[in-house]
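J.: No sequence on hand, only this structure:
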């Protein structure tokens, strides 16, 4: 199982290329994920992505998966344009039209990239460009096949990754892909399994804060184990044998609570998203990666290199994803740094 890093230029000490290169080499990452262009623009201005592709593949020497997507704005604009021209506005046709630009991306970067994710976290309303803002996310399984045809039409050897869904431990996105017959149209089953609410066991709606760290690690790992075992059965019953990957995954980790900080407030730091304390991070992440390896994950891409929020999370923090770094915002390594490095080097770094 190989380990990668998400968007090193975006989440890398203000884009300090020397520092990023040093950390990638030290840790042993072999993959990176970057966000691609708005493919509906059909290469109008992709120079910024060119720079990131070159940095990841040439300077860092990493294998690459690119997240290609259009935008809700492009969808709305196309609908309006077609209606003004008296054209039918079938959702499937509009989306197929918008993803045709994916072929241009493969022609542009296909010599250095063989793996393409289609619209990561497509249904999440809090994600920039997520279709949850449009109400059309249920159409995703219907137009993933078109994306697959476009990519394979340019590069038959390329791999299509479905857009991982980033809302905790669930398989409903996979159920949607299966229900709509989309299983033949992705080559890697992609997960974004952020553990946002399962660091502590729950009784009803209340978290139980009295369990030991060992008990909590075992509980959360069992949740992952159950999820992936069930997904493998579901996929096989639908005729699929695709390997598992994760183009984006991490855990919000904050400095150990100050003296007197009540553990029951943990879940309030990120408004019901539960972070791990720095001293606990290695135990959780090590057990989870062992579980991922057990279930045959080929690639796991960690989000992200360094925190981009305050050193200690508070209610005025912007988003829990800012606290998933291997470093605190001030550049101090988190304890989980050594854990991720161990797994990266084990995977071939």
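T.: Happy to help now that I have it. Bear in mind the structure is a predicted one, so any value in this text is a computation, not a measurement.
J.: Point out where the protein drops to low pLDDT.
T.: Along the chain, segments meeting pLDDT under 70 span 10-15, 41-44, 124-138, 166-168, 258-273, 309-319, 349.
J.: And the strands in it, which stretches?
T.: Counting by DSSP state E, the segments of the chain that form strands are 2-6, 31-38, 63-69, 115-118, 159-161, 189-190, 202-203, 206-207, 244-249, 253-254, 276-277, 297-302.
J.: how close does residue 323 get to residue 254?
T.: Using CB to CB, to the nearest Å, we find residue 323 at a distance of 6 Å from residue 254. The way it works is simple: take the backbone N, C-alpha and C, and place the C-beta from them, glycine included.
J.: These two - which one has more neighbours?
T.: Using other CB atoms under 10 Å, the more surrounded residue of residue 323 and residue 254 is residue 323, with 29 against 25.
J.: Can you give me the distance of the more buried one to residue 334?
T.: Relative to residue 334, residue 323 is positioned 10 Å away (CB to CB).
J.: who touches both of these two?
T.: Listed as contacting both residue 323 and residue 334 by CB atoms under 8 Å, 6 or more residues apart in numbering are residue 253.
J.: Look through the protein and tell me its longest helix.
T.: In terms of residue count, the longest helix belonging to the chain (DSSP state H) is helix 213-237.
J.: helices or strands next to it in the packing?
T.: helix 172-179, helix 281-294 (3 or more CB pairs under 8 Å, 6 or more residues apart in numbering; DSSP states H and E).
J.: at 6 Å instead, please
T.: Where contact means 3 or more CB pairs under 6 Å, 6 or more residues apart in numbering; DSSP states H and E, helix 213-237 is packed against helix 281-294.
J.: Looking at the chain, which residue reaches furthest from the middle?
T.: When distances are taken from the C-alpha mean of the chain, residue 86 lies farthest, 38.9 Å away, according to CA atoms, centre = their mean.
J.: The residue nearest the centre of the chain and residue 141, how far apart?
T.: Note on the chain: the residue nearest the mean C-alpha position is residue 248, at 2.5 Å, using CA atoms, centre = their mean. Separation of residue 248 from residue 141 (CB to CB): 20 Å.
J.: What of residue 20?
T.: Distance, residue 20 to residue 141, using CB to CB: 36 Å.
J.: And for residue 76?
T.: In this view, residue 76 and residue 141 are 21 Å apart by CB to CB.
J.: next one: residue 114
T.: Taken as CB to CB, the span from residue 114 to residue 141 is 23 Å.
J.: who has more neighbours, those two?
T.: residue 141 (22 against 17).
J.: unless I'm mixing things up, that one is touching residue 183, no?
T.: No - between residue 141 and residue 183 there is no contact under CB atoms under 6 Å: 9.3 Å.
J.: buried set for stretch 25-44?
T.: For stretch 25-44, the neighbour count (16 or more other CB atoms under 10 Å) marks 27-40 as buried.
J.: again with stretch 292-307
T.: Buried residues in stretch 292-307, defined by neighbour count with 16+ other CB under 10 Å: 292, 295, 297-307.
J.: Can you show me the helices along this structure?
T.: Assigned by DSSP H, the helices in the chain fall at 17-27, 47-54, 72-84, 91-99, 102-109, 140-154, 172-179, 213-237, 281-294, 336-346.
J.: Mind checking those helices for the one nearest to residue 60?
T.: Of all these, helix 17-27 sits nearest to residue 60, with 5.2 Å by CB to CB.
J.: Give me the angle between that closest one and helix 336-346.
T.: If you take axes from the mean of the first three to the mean of the last three CA atoms, to 10 degrees, helix 17-27 sits at 70 degrees to helix 336-346.
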